[in-house]
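S.K.: Next comes the sequence, and after it the predicted model I'd like to discuss.
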Amino acid sequence: MSTTDPTATTADPVLEVADLNVQFPTDDGLVQAVRGVNYTLRRGEVLGIVGESGSGKSVTSLAVMGLLPGTARISGSVRFQGRELLESDDKELSKVRGRGISMVFQDPMTSLNPVYTIGDQIAEAIMAHHDIRKDAARKQAVELLDLVRIPHPEQRANAYPHELSGGMRQRVVIAIAMANRPDVIIADEPTTALDVTVQAQILEALRTAQQETGAAMILITHDLGVIAGQADRVLVMYAGKVVEAGTADEVFYTPRMPYTLGLLGSLPRLDVKTDRLTPIAGSPPSVVNMPPGCPFSPRCPLAQDICETEEPALEPGPNPDHLGACHFSYRVEGHEPGDLFSEQADDATPLPAGTNEGEARR
Amino acid sequence: MTETAMSPVHSKQHGTPVLSARNVVKHFPVHSGGVLRRRIGEIHAVCDVSFDIYPHETLGLVGESGCGKSTTARVVLNLQPATGGTVEFEGKDLGELSSKEMRRLRRSLQIVFQDPYASLDPRLPVNEIVAEPLRIHGLYENGGKDRVRELLKTVGLRPEHGNRFPHEFSGGQRQRIGIARALALEPKLLVLDEPVSALDVSIQAGVLNLLQDLQAELGLSYLFVSHDLSVVRHIADRIAVMYLGKIVETAPAEELFQNAAHPYTQALISAIPVPDPRKERSRQRIVITGDVPSPANPPSGCRFRTRCPKFANQLTDAQREKCKNEEPQLVDRGQGHPSACHYAESLQLI
Amino acid sequence: MPDHTKSDIDATAPEVPETKGTGEGTTVAGPSRTEREFTVAERSQAQLVIRRFLQHRLAVGSLIVLLAVVLLAFVGGALWKYNVADITPDESQPPSWEHPFGTDAVGHDSFAQVLRGTQISLGVAVLVALIATFVGTIWGAVAGFYRGWLDTVLMRIADLVLTLPLLAVAAVLGDVAGGSWWLIAFIIGGLYWAYVSRVARGVVLSLREKEFIEASKALGASDLRIIFKHLVPNALGSVIVNATILVAIAILIETALSYLGFGVRPPDTSLGLLVSDNQTAVSTRPWLFYFPGLFIIIIALTINFIGDGLRDAFDPQQKKVRA
């Protein structure tokens, strides 16, 4: 890990995402899945993206890979090693995919072809980008399987995906992802479908893959614990926007956005006995037909009138690398979740559209 | 076996248990394909599981997928008949009740499901979903409408939204609807099958708090089934850890985290990531290798031995023989609580 | 679609004093707060289905055409100056203002005959769909819900019915029935329910594994309640789609039967009978053959398109947006 190496985090961007917007037109209106996301991925670092369902964390990376359906409206810029990906055609993109950027999805079964042996599939991935013979590719495949700690890789190379357990399959996907020594590995909820004891093994395999290839990694997950252990830097996403960015320590110990603080407070902890959690009131907002203002404001204990009208920009505080999107960041710093979030308001006080608000709120 | 039978998961609570499970066994037949569908084997989903649940307490049943925890929950509810053993609810053996008696008893024994999207009928409005238990048991005529409103309020929903359909609600709100439905008949025991694992983090906390409040207010007992030890630590009074159809360790919640005795419990605790970067980087990890063996053909002796770090790294060959040949019983081996490991040793991991 | 409007029980209910709060108090948000959670208008399941159906242009167009045909047949048929049995002095006239579809050799007004034929054909088709859907849905739902030996027995019976050569059976029975249209509908429906039962069973088999069914069981619901309150309403989408296809099939079967002379008999008429009677006239008086033929095609096609539209509308997959 490069946490202790300050030079690695200063320069050398491999992937630059600027003002990325993704919208889907639907029956009910425009779904604004991603709204103005900016980030830079530096060589060799692990960038964690954390957010709840609907926060846009997966769509962001699918947009980077050019894997969104045709109905999506994408704008902004995605530069990989200085090359603009959003303007590239599919042929150019497929050169980048797998070789430059590779991806590990949540469900390994969807990324493996059930009718080929895993050895063949890895060899296939190698031969797609390298001009080598099948037996050489096959030999590399076995080495890769060994690297992700699949026992008896020689024999397992002849197995079909359905003969393997979920954890083993995910290792195969990781082996394929690292086959062409990519510069960026994007792992989208790689352990969500797996048991915790297997999750620990897979995270280790991912780390091996990242270190062996020297790739930078984007780790997308909803699990703050996984992020805490794996990521050098963290982006917190909410309603399609990055609402906080900083090093793992900064985000976890001195959050600048009430949402981040609230998330930490609502998490039952394994290491500490908690009698009472401090939930965030309400539910995540609908990203269809979004009103102006800060999307977190209805759930936010600090919300003022300005939060209703003006969406706060992602801005640095005293520490230039630690960004937060809150009008009142200074009031979040140094607080415990319980200080800010009272328990009284709870989930589920929705207001149907078109109801007389004053009356419904009592 | 008598040992286990006599000392099921102990409780410091007093009084008579609401529910006692004794030596519960559940096998699922495996059939061959084709026309004849011969029976070719059995999945040993639950093997000889015993526990008690006392009034006002929460028993956490923890384990990874396929360990039999959800099947245990369904056997307890008599939604699936047990292959062996007995489940007694307030002294009545569920296996011996007629279907009419069982239907009456269901009022006291309710369940909340994992998936709030699948557990509510998409074609019924919320009012009807919550009213269903009242209608089934003929209680709707006497103030059912008001009862539904009251239930919705109890779980933190607004009665005005009772006309909406499930698909219009978020996951957390749907789970609250499911809880309201389970509460409608004023049950004594609520089986919670992974009630928060499908929910987002910020929503989960609200539902957990609600469950705690309801327990305090209504004096409910919970069987809380979950794969997530963090959640179970938060909500359970006692915890039973399952592996491959068996309880491998059981203890009051705090004790389990202070001195886990079974190597599986230890591995489980150490595998769960903690949302604290410094702690997480410096944690001691007990990594176990491999995957859970098939429940159709569990290993002989101790079922955990194929993945056990202790078996692999610390034991002598002579000691390993015992693991291979002799199934460890769930008894206290000097750690203050029962565990099913011949070589149990307390270990503090956090 | 089941009607849910009767269940708006709290719209009129008096405010109940809060007896059992969880100590959370009331919401703090002021009245000025912008609504962010429900930015989408409230819609019931039925509204969603209708909305999606309306987006299917071909289906909506077909529905309009079909409604026009139905109106023409029933209202137009009643108002038209000639009756089906009327014999006019004009013999073998080509289409004109007096006789839009011409006349036959005896002097029957072809327009009146086609309208009457359409009425009969539609009546047969709708009755077939209703009978087959009703019997088939319950049959399949019971089989799928109970599984085991009952399933085996019920589905073997259905299989047996399916193996019967439909045209032959309908021909024999139709001959006995003596040509009244509703008896013919009963015969076709009595053979086609088996198809529906297979569809319904398949849907119920997947539905019964859903957690909301298990939830009802855990509440102590009786089997009948589970079948009629949960399984059948949820299977209704697939069943309705199937029923539209059945309507189209029934029109064609009735046509075939009448064409073979086992269906509706003169002096009454049906579209199939008209086509059959006038096939010899194709070269000399083509209007007698083509107009009833055109009506058969229009009805069968539009109903099929409507079925397509309904299938898409009921398919919730369509609405999924990854976010």
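M.R.: On my side now, so go ahead.
S.K.: got a list of what residue C:108 touches?
M.R.: C:84-88 (C-beta atoms under 8 Å, 6 or more residues apart in numbering or on different chains). C-beta here means a position set from N, CA and C on the backbone, and glycine is covered the same way.
S.K.: Look through chain A and state the residue closest to chain B.
M.R.: Distance from chain B to each residue of chain A (C-beta to the nearest C-beta) is smallest for residue A:225, at 3.0 Å.
S.K.: Find the helix or strand that that residue is a member of.
M.R.: Residue A:225 belongs to helix A:224-230 when elements are defined using DSSP states H and E.
S.K.: ok, now residue A:185?
M.R.: strand A:184-188.
S.K.: Verify the stated contact: residue A:333 with residue A:253.
M.R.: No: counting by C-beta atoms under 8 Å, residue A:333 does not reach residue A:253; the two are 10.3 Å apart.
S.K.: who touches both of the two?
M.R.: Between them, residue A:333 and residue A:253 share no contacting residue, judged by C-beta under 8 Å, 6+ apart.
S.K.: From chain C, how far out is the residue of chain A closest to chain B?
M.R.: The spacing between residue A:225 and chain C, counted by C-beta to the nearest C-beta, to the nearest Å, is 24 Å.
S.K.: Might one say that that residue is in contact with residue B:274?
M.R.: Yes: under the criterion of C-beta under 8 Å, residue A:225 makes contact with residue B:274 at 5.5 Å.
S.K.: And the residue nearest the centre of chain B?
M.R.: residue B:225 (2.4 Å; C-alpha atoms, centre = their mean).
S.K.: How about the contacts made by it?
M.R.: Counting by C-beta under 8 Å, 6+ apart, residue B:225 touches B:61, B:69-70, B:72-73, B:191-194.
S.K.: now residue C:116
M.R.: C:77, C:84, C:268-269.
S.K.: isn't there a strand covering it?
M.R.: No: checked against DSSP: H, G, I helix; E, B strand; the rest coil, residue C:116 lies outside a strand; its state is helix.
S.K.: okay, and the common contacts of residue A:225 and residue B:274?
M.R.: Counting by C-beta under 8 Å, 6+ apart, the residues touching both residue A:225 and residue B:274 are A:270, B:280.
S.K.: Figure out the helix or strand that residue A:36 lives in.
M.R.: Using DSSP H and E, residue A:36 falls in strand A:29-42.
S.K.: the inter-axis angle of the following helix or strand past that strand versus strand A:184-188?
M.R.: The helix or strand immediately downstream of strand A:29-42 is strand A:46-50, counting by DSSP H and E. Interaxial angle, strand A:46-50 versus strand A:184-188 (axes from the mean of the first three to the mean of the last three C-alpha atoms, to 10 degrees): 30 degrees.
S.K.: is chain C contacted by the next helix or strand after strand A:46-50?
M.R.: Following strand A:46-50 in sequence order, the next helix or strand is helix A:57-65 (DSSP H and E). Yes: under the criterion of C-beta under 8 Å from any C-beta of the partner chain, chain C is reached by helix A:57-65 at A:58-59, A:62.
S.K.: tell me what the strand holding residue A:185 is packed against?
M.R.: helix A:57-65, strand A:101-104, helix A:196-213, strand A:216-221 (3 or more C-beta pairs under 8 Å, 6 or more residues apart in numbering or on different chains; DSSP states H and E).
S.K.: between these, which gets nearest to residue B:146?
M.R.: helix A:57-65 (43.4 Å; C-beta to C-beta).
S.K.: strands paired with the next helix or strand after that closest one, and their directions?
M.R.: Later in the chain than helix A:57-65, the nearest helix or strand by DSSP H and E is strand A:73-80. Here strand A:73-80 is paired, per DSSP bridges, with strand A:13-26 (antiparallel), strand A:83-84 (antiparallel).
S.K.: where along the stretch 201-323 of chain C do the helices fall?
M.R.: C:211-218, C:223-225, C:232-260, C:271-277, C:286-314 (DSSP state H, counting those that start in this stretch).
S.K.: burial of the closest residue to chain C within chain A, as a residue count?
M.R.: Closest to chain C within chain A is residue A:285: 3.9 Å, counting by C-beta to the nearest C-beta. When neighbours are defined as other C-beta atoms under 10 Å in any protein chain shown, residue A:285 has 25 of them.
S.K.: thinking it is in contact with residue A:298, fair?
M.R.: Yes: applying C-beta under 8 Å, one finds residue A:285 in contact with residue A:298, separated by 7.2 Å.
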